[in-house]
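Peer 1: pasting a predicted model and its sequence here:
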Amino acid sequence: MSAPATVPPPTQPHERGTGSASERVTTTAPTVVGDGTSARSRARSRWRRVVWPLAVLVTLALVAVLIVVLRPATSTTPLAPDNPEGAGSRALAQILADQGVDVRYVRTSGQAVAAAREGTTLLLAGSYLLMDEQVEDLASTEADLVLLEAESWHIHELTDGAVDLGYATGTGEVDASCDDPDAQAAGSIDSDGYGLTALSPDVELCFLNGDTPLTGAYASVEADGRRVVVIDDSTLFMNARLAEDGNAALALRTLGRHDSLVWYVPSINDLGGEAGTSAGAVLPAWAGPVSLQLLVLALALALWQGRALGRVVTEPLPVTVRAVEATLGRGRLYRRARSRGHAAAALRAGMARRGAARLGLPRSAGAPEVIDGLARATGRSTEQVAHLLYGPPPTDDDGLLALARQLDELESEVHRT
């Protein structure tokens, strides 16, 4: 038989030299295994392998804790009551709180609907992120509504068809010129919005546009037993402009009519629903930073342990289709399906995109901005430009051809400026 794999240490210490007992040196041999390593060397090797991943994990954990602990109690969300910057509304929220108004800040439509009861005020700060179902839920509440720079179709839904956008630019500081007590208390404001039009005699229209007297910056109406106020310019309620003209008086009286105010700023992850929570609302505040740190760790581990791939190999396509042929083919498909509406929408979208790029507008510019910019560049009225870009679809081929010619003329006028 072969010798055992493990050699035990000697039971007696080795003596070196012939000195006295106090001069003797005692040594103990380490435990050695058959592969030539010891427990200490194996532990050292394992520690070297895990020290860097462990250090990364500890660092990320410390960073996540610091982010959670040192997270400021403010935000940068526009019109948010906890945003102290110029685009925020923290000053207005603090003044309302000092006057005894209970301000509740929500980010989902479900939370807003659950909190908006009779005898409360619901502020909707912008509505372009909302779906139609969410707007219908907001319209079913019994709370008074205050709409800041809402979309046209949302205003129509929330006011029961009594108010709509006027698409008229502001003309500077204007007086209230109406009987609404809140507007009269403000005196005058300088709105940069697109104006509001009254579609019902019950609407109180204030701060009328000098160039377009049928449009105003403020509209109030009783709809479904509650008061709905629409304001075309959300910057009036921001920190940067709250001290101008009568903005503060208008904001405080409009939002402070009741002791409870639900301040709703829609967010991009707002999924609505009856539960009143979104995917992000059910997670704690530290979930986002920690998830980001874990993602960075996963990428680092993938780069550390992953194998390098070869260079990207390109493969020539078997057939090259020219852009003009693809366009003609798409047009033939539209004609065969008699889909004049889709063809008109494609023509209008292309014209709006090219015109906005020519005018230097951002890709995120909305319909009112594009309409206003094209009207100024071509000298046409905003109503004519809006009809060409966002009017009803043509009903026959002649109408589609006429629309294409008119859009081409409009684009040529833009390119001449």
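Peer 2: Arrived safely, thanks for sending. Numbering: from 1, shown residues only.
Peer 1: separation between Asn209 and Cys178?
Peer 2: From Asn209 across to Cys178, the span is 13 Å (CB to CB, to the nearest Å). For glycine as for every other residue, the C-beta is placed from the backbone atoms N, C-alpha and C.
Peer 1: can you check Ser220 too?
Peer 2: Ser220 sits at a distance of 9 Å from Cys178 (criterion: CB to CB).
Peer 1: quick one: which of those two has more around it?
Peer 2: Ser220 (26 against 18; other CB atoms under 10 Å).
Peer 1: where does the more buried one sit, in terms of helix or strand?
Peer 2: Assigned by DSSP states H and E, Ser220 falls within strand 215-223.
Peer 1: residues of that strand that come out buried?
Peer 2: Thr215, Gly216, Ala217, Tyr218, Ala219, Ser220, Val221, Ala223 (16 or more other CB atoms under 10 Å).
Peer 1: quick check: closest non-adjacent residue to the last one.
Peer 2: Beyond its immediate neighbours in the sequence, the residue positioned closest to Ala223 (CB to CB, 6 or more residues apart in numbering) is Asp160, lying 4.4 Å away.
Peer 1: surely the one you found and Arg226 touch.
Peer 2: No - the criterion here is CB atoms under 8 Å, and Asp160 misses it with Arg226 at 10.4 Å.
Peer 1: just to revisit the earlier point, mind checking the SS state of the residue nearest to Ala223?
Peer 2: Of the three states, Asp160 takes coil under DSSP: H, G, I helix; E, B strand; the rest coil.
Peer 1: any idea how far it is from Leu145?
Peer 2: Distance, Asp160 to Leu145, by CB to CB: 11 Å.
Peer 1: ok so, going back, what lines up beside the helix or strand that comes right after the strand holding Ser220 in the sheet?
Peer 2: The element immediately downstream of strand 215-223 (helix or strand, assigned by DSSP H and E) is strand 226-231. Looking at strand 226-231 with DSSP bridges, its partner strands are strand 144-148 (parallel), strand 215-223 (antiparallel).
Peer 1: convert the C-alpha atoms of the last one to CSV, please.
Peer 2: Extracted as CSV, the C-alpha positions of strand 215-223 are listed here (Å, rounded to 0.1, in the frame of the first residue of the first chain):
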residue,chain,number,x,y,z
THR,A,215,-60.1,83.5,-26.6
GLY,A,216,-58.8,83.9,-23.0
ALA,A,217,-56.2,82.5,-20.7
TYR,A,218,-58.7,81.5,-18.0
ALA,A,219,-62.0,79.7,-18.2
SER,A,220,-64.3,78.4,-15.4
VAL,A,221,-67.5,76.4,-15.7
GLU,A,222,-69.8,74.2,-13.7
ALA,A,223,-69.7,70.7,-15.1
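Peer 1: roughly how far out does it sit from the chain middle?
Peer 2: 27 Å (CA atoms, centre = their mean, to the nearest Å).
Peer 1: excluding chain neighbours, what is closest to Pro393?
Peer 2: Nearest residue to Pro393, sequence neighbours excluded (CB to CB, 6+ apart): Gly341, at 3.7 Å.
Peer 1: an error on my part: the question was meant for Arg253.
Peer 2: Nearest non-adjacent residue to Arg253 (CB to CB, 6+ apart): Asp182, at 4.1 Å.
Peer 1: give me the distance from whichever strand or helix holds the one you found to the chain's centre.
Peer 2: In this assignment (DSSP H and E), Asp182 forms part of helix 181-186. Distance of helix 181-186 from its chain centroid, counting by CA atoms, centre = their mean, is 32 Å.
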